[in-house]
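Engineer: The following block contains a protein sequence and its predicted model.
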Amino acid sequence: WDDGTLRLVLHELAMLDSNTFIGNAGVGEREGRVICPLVAQRHFGLAHGIGRSGDIAEAQPKAAGSSLIYALTNSLAADALRRAGGTGVQE
């Protein structure tokens, strides 16, 4: 994928996180708040934490985009380890 496509996908996924919803001012411990547009741009708007109650692998309903990125990253990393000869690699 080219850079523009990657940026678009990351932006669309970030928009699934509740901290990017217009008019939302969440106060949870995982809900990020970004004031500086430069910081938001650098991180594609992703500021919400992932995981739930001590389990980083559990999907966070308020962070659907971040949770999806985590699941995809975990799956790709596990696949790379298996292809490199790793045994017993689980997702």
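Structural biologist: Received the coordinates, thanks.

Engineer: And the residue nearest the centre of this structure?
Structural biologist: Centroid-nearest residue in the chain, with CA atoms, centre = their mean: Ser66, separated by 2.1 Å.

Engineer: Verify the contact between that residue and Ile50 for me.
Structural biologist: Yes. Applying CB atoms under 8 Å, one finds Ser66 in contact with Ile50, separated by 5.0 Å. Where you see a C-beta, it was placed from the backbone N, CA and C, and this is true even at glycine.

Engineer: so what sits against both of the two?
Structural biologist: Gln60 (CB atoms under 8 Å, 6 or more residues apart in numbering).

Engineer: And the contacts of the helix or strand bottoming out on mean pLDDT in the chain?
Structural biologist: Least confident helix or strand, the chain: helix 37-42 with a mean of 87, by mean pLDDT, DSSP states H and E. Defining contact as CB under 8 Å, 6+ apart, one finds that helix 37-42 is touched by Val34, Ala47.

Engineer: re the thing from before, A helix includes the residue nearest to the centre of the chain, no?
Structural biologist: Yes. Ser66: assigned to a helix according to DSSP: H, G, I helix; E, B strand; the rest coil.

Engineer: Check what pLDDT it gets.
Structural biologist: Note on Ser66: pLDDT of 88.

Engineer: show me the residues around it that make contact.
Structural biologist: So, once contact is read as CB under 8 Å, 6+ apart, Ser66 ends up touching Leu13, Ala14, Asp17, Leu46, His48, Gly49, Ile50, Gln60.

Engineer: I'm done for today, thanks for sticking with me.
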